[in-house]
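[1] Okay, predicted coordinates and the sequence, questions at the end:
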Amino acid sequence: MDVQEVLKLADDLVFINTGKHLDNLQEVILRGTLQGQKYSKIADESHCSEGHIKDIASALWKLLSEVLGEEVNKSNFRVRLEQVQLSNLWNFNKDFVHIGNVNFCENNLHSSKVPNSSTDEEPLNKGNTEPQLRQFLAEMPKSGIFYDRTSELTTLKQWILHENTRLLAILGIVGIGKTALAVHLVEQIKHEFDFIIWRSLATSPPLSILQTNIIQFFCRGGAPVPAPNADGVPAFGRGGAPVPAPSPEEEGATTGGLPLLNYLQKYRCLLILDDVQMVNSTGQLAGNYQPGYEDYGRLFRQVGELSHNSCLVLLSSETPREIAALEGKNQPIRSLQLNGLGAEAGEILREKGLTEDAKFSELIEQYRGNPLWLKIVATMIQDLFNGSLSEFLSDDPLFLGDLESLLHQPFNRLSESEKQVMSWVASETAPVSLSKVPENLQLSRSQFLQVMQSLGRRSLVEKIQEGDRTFFTLEPVLKEYVKTNYSRPNIEKEARSPF
Ligand SMILES: Nc1ncnc2c1ncn2[C@@H]1O[C@H](COP(=O)(O)OP(=O)(O)OP(=O)(O)O)[C@@H](O)[C@H]1O
Ligand SMILES: [Mg+2]
């Protein structure tokens, strides 16, 4: 990046987060820094005292550190901005789909005319009778062949469009179809929203970067920058509703406000975040944020609790902690646990060239109707059994093949105690109850229950209700994976190798 590009990016970042452009002296300091000048030289050239330049510079580094969520100073300023530029998150031009007549972003970002609070209240389609739809969906996969899920789509539409659900999680194990379902949901309800934005958290972006990037979309879509109040807490609710002050717990969770909330309150937005589990830690129980990512929890909580007409949809293989704590039938915070497809999954098998329809239900049951697992296993049946489902089922219905590497992904995220418990459940022939902690696990009762709850939040254990008693088991594919991959020193059964 040349000096001009770095300065422009710094100006954009500051503008998006504060509503103000860099002033002349701030720009001179940044330019001097990029050219390796000392503060004394910058002070001489700008006819100020060195002390004054140092004060302005120090405030500027603090501001940029807050915007980027990591320390920015004189020596790392260029590197930090180059990192932002390199992250896909900043590179949005290709993402931009604007159905409307004006691209306001050039005005908003790069002119010195900063929108003031009165323009905040102006409709987006000022001077244009056509409603404007702003979609930023470059990270949304293209919709493909899609079977069933009618009832899930009906439920989701009911929650979002008629029950004002503000925070919604679509949960389920890898490959079950969370992303595909959300893609179809977006297609069906996009006209109900002012803005639709899809972002993936697969690269674990810090919230500050993601937030800045999303705000950039609003800016590109012509939304004036709402001015946050002094402490950065959203200043207005839709229809002028007062916004509750954050609880002390929320206040303590991080410093600084969340400017994104201003936009979610001001416009009706559908914001989808995919792969949300990637901001969680590995090696710990489900729902623990990675160090430095706790702000996501604050965002989710505030989106769920504050007054607005937007909806944040989280797609995740782990239940976010805030969803677990706050969801409820009469709450604006909900979750949909996605199960496998039913007989319709036979279409996936037909599409892969399998023909023995009478055997489809057995295969679908073994792989729990998981569309990705069925695609993988159908390919394997073609490759190894010349498409003969009968031969495959009689040989070894639980051959994992390529599924094994797919499953490493969720299993590598488990804590040691979760792995132990998975080994124990897999070794049992019957579903287990939680009445007694198995001795070989060396877990207290409370730890044991926490672990089971965590495995449930990862969709890794199946719950079975028998009368008023609850039992847990593993679905066949997961059982086979655990037996094949985990050593179980305290458990007598031998792992069964697929080879
Ligand atoms: N209802 C469906 N009908 C047909 N194919 C489907 C359906 N749902 C999902 N698929 C296919 O199954 C595969 C996995 O789906 P998807 O990527 O949506 O799963 P996911 O739950 O988001 O997985 P991950 O946890 O890896 O993100 C994709 O190829 C998708 O096209
Ligand atoms: Mg997905």
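    Cool, the structure landed. Numbering: from 1, shown residues only. Ligands and ions are numbered 1, 2, ... in the order given.
[2] since we're on residue 303, how many residues are nearby?
    25 (other C-beta atoms under 10 Å). Backbone N, C-alpha and C define where each C-beta goes, glycine included.
[3] tell me the SS of it?
    Three-state assignment for residue 303 (DSSP: H, G, I helix; E, B strand; the rest coil): helix.
[4] Please tell me how far it sits from ligand 1.
    Look at residue 303 and ligand 1: by C-beta to the nearest ligand atom, to the nearest Å, they are 21 Å apart.
[5] thinking that residue is in contact with residue 264, fair?
    Yes - Residue 303 is within contact range of residue 264, at 6.5 Å (criterion: C-beta atoms under 8 Å).
[6] Now do the residue of the stretch 201-350 of the chain found nearest ligand 1, the pLDDT please.
    Residue of the stretch 201-350 of the chain nearest ligand 1, by C-beta to the nearest ligand atom: residue 317 (5.0 Å). You'll see residue 317 listed with a pLDDT of 97.
[7] Return the residue spatially closest to it, with its sequence-adjacent residues excluded.
    The shortest distance from residue 317 to any non-neighbouring residue, by C-beta to C-beta, 6 or more residues apart in numbering, is to residue 277 (4.9 Å).
[8] can you tell me which residues contact the one you found?
    For residue 277, the contact set (C-beta atoms under 8 Å, 6 or more residues apart in numbering) comprises 316-318, 413.
[9] measure it to ligand 2 for me?
    As for residue 277, its distance to ligand 2 is 10 Å (criterion: C-beta to the ion, to the nearest Å).
[10] quick one, phi psi at that residue?
    The phi/psi pair for residue 277 (degrees, to the nearest 10) reads phi -60, psi -20.
[11] sorry, back to before: in strands, which of the contacts of residue 277 appear?
    residue 316 (DSSP state E).
[12] Out of the contacts of residue 277, which are close to ligand 2?
    Counting by C-beta under 5 Å from the ion, nothing from the contacts of residue 277 sits close to ligand 2.
[13] before we move on, back to that, residues that sit against both of residue 303 and residue 264, list them.
    With C-beta under 8 Å, 6+ apart, residue 303 and residue 264 have common neighbours 310, 312.
[14] wait, what's in contact with the closest residue to ligand 2 within the stretch 151-300 of the chain?
    Closest contact between the stretch 151-300 of the chain and ligand 2, by C-beta to the ion, is at residue 179 (3.2 Å). Applying C-beta under 8 Å, 6+ apart, we find residue 179 in contact with 141, 274, 315.
[15] Just the buried residues of those residues.
    The neighbour count (16 or more other C-beta atoms under 10 Å) marks 274, 315 as buried among the contacts of residue 179.
[16] Outside of the longest helix seen in the chain itself, list whatever touches it.
    Longest helix in the chain by number of residues, with DSSP state H as the criterion: helix 50-68. With contact meaning C-beta under 8 Å, 6+ apart, helix 50-68 is reached by 10, 13-14, 17-18, 25-26, 29-30, 33, 39-40, 42-43, 46, 71-74, 77, 80, 84, 206, 208-209, 212, 255-256.
[17] still on that earlier bit, please report which of the contacts of residue 277 has the highest neighbour count.
    For the contacts of residue 277, the largest neighbour count, defined by other C-beta under 10 Å, is 27 neighbours, found at residue 316.
[18] Do I have it right that that residue meets residue 279?
    No - counting by C-beta under 8 Å, residue 316 sits too far from residue 279 to count as a contact (9.3 Å).
[19] and the residue of the stretch 151-300 of the chain closest to ligand 2, that's in a helix?
    Yes - if the criterion is three-state DSSP, then residue 179 is within a helix.
[20] Look up how far ligand 1 lies from it.
    To ligand 1, residue 179 is 3 Å away according to C-beta to the nearest ligand atom.
[21] Can you check the pLDDT for that residue?
    Looking at residue 179, the pLDDT reads 98.
[22] Assign residue 465 to helix, strand or coil.
    Looking at residue 465 with three-state DSSP, the answer is strand.
[23] Please, which helix or strand holds the spatially closest residue to it that is not a sequence neighbour?
    Excluding the flanking residues, the one nearest residue 465 by C-beta to C-beta, 6+ apart is residue 471, at 7.9 Å. Element membership for residue 471 (DSSP states H and E) is strand 469-473.
[24] before we move on, what about residue 219?
    Using DSSP H and E, residue 219 sits within helix 207-220.
[25] Close to ligand 1: what parts of the protein are there?
    Taking C-beta under 6 Å from any ligand atom as the criterion, the neighbours of ligand 1 within the chain are 144-149, 172, 174-180, 317, 341, 348, 371-372.
[26] Got the domain ranges for this protein?
    Using automatic domain parsing, the domain parsing of the chain gives 3-86, 93-337, 343-397, 406-485.
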